[in-house]
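Novice: Got a predicted model here, sequence first, then my questions.
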Amino acid sequence: PADRFVDLLVISAFPNNYQPTRTSLIGALDRKGLSVEKLAKSKDVDLRDTFSCWLSQEFKATHPGLGFRRILCFEPLGNGNPPELVGDIYRALVPILADHPKIRSIAMPIVAAGNQRFPVTTMLPSLVDASIHWLQSGLPLEVIRIVAYSDADAEEALQVFKHIKENQAQPVEKIR
């Protein structure tokens, strides 16, 4: 719905592999008419060597169900361990947001927890920690939405969020 529209969708992929598989977000996007492989051929910004990410050109969605206008693709496996590199998403956003200040909201799955097979319980704490750190550091984002791909992932994520919220040293207004 329009109230869930975000400026940027963050996805994760194996290095240089954008094949639309049946179980991947890249596959789901392809079935909606958006080819990540085609977007990768004309990247707006390529920061894979330093931050494991690239930014797509702005596009007009070919399917009305797509509520974003750019993709940031996180490709960590070429540079190391995804839980340790998840902060690269935000490091990449620093120069990107400087050049594209209209990007104010992002959504992402629990990156690397799908076909890359890293457990939700491993990836989500790293992802939330990086999100909190960069928001508190002044990254000019208004909305970060982290989405679970399946009901099972959502249950695991809920437990992780409860644990994080209970153990947070200071209140964080943006976590709900």
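Specialist: Arrived safely, thanks for sending.

Novice: ok, Pro15 to Leu9 distance?
Specialist: Relative to Leu9, Pro15 is positioned 19 Å away (C-beta to C-beta, to the nearest Å). Using the backbone N, CA and C atoms, a C-beta is placed for each residue, glycine as well.

Novice: out of those two, which sits in the busier spot?
Specialist: Neighbours were counted for Pro15 and for Leu9 using other C-beta atoms under 10 Å; Leu9 has more, 23 against 11.

Novice: which residues does the more buried one contact?
Specialist: Residues in contact with Leu9 (C-beta atoms under 8 Å, 6 or more residues apart in numbering) are 68, 70-72, 106-108.

Novice: Where strands are concerned, which of those count?
Specialist: 71-72, 106-108 (DSSP state E).

Novice: mind listing what's buried in the least confident helix or strand in the chain by mean pLDDT?
Specialist: When the helices and strands of the chain are compared on mean pLDDT, DSSP states H and E, helix 82-85 comes out lowest with a mean of 86. Buried residues in helix 82-85, counting neighbours by 16 or more other C-beta atoms under 10 Å, are found at 82-83, 85.
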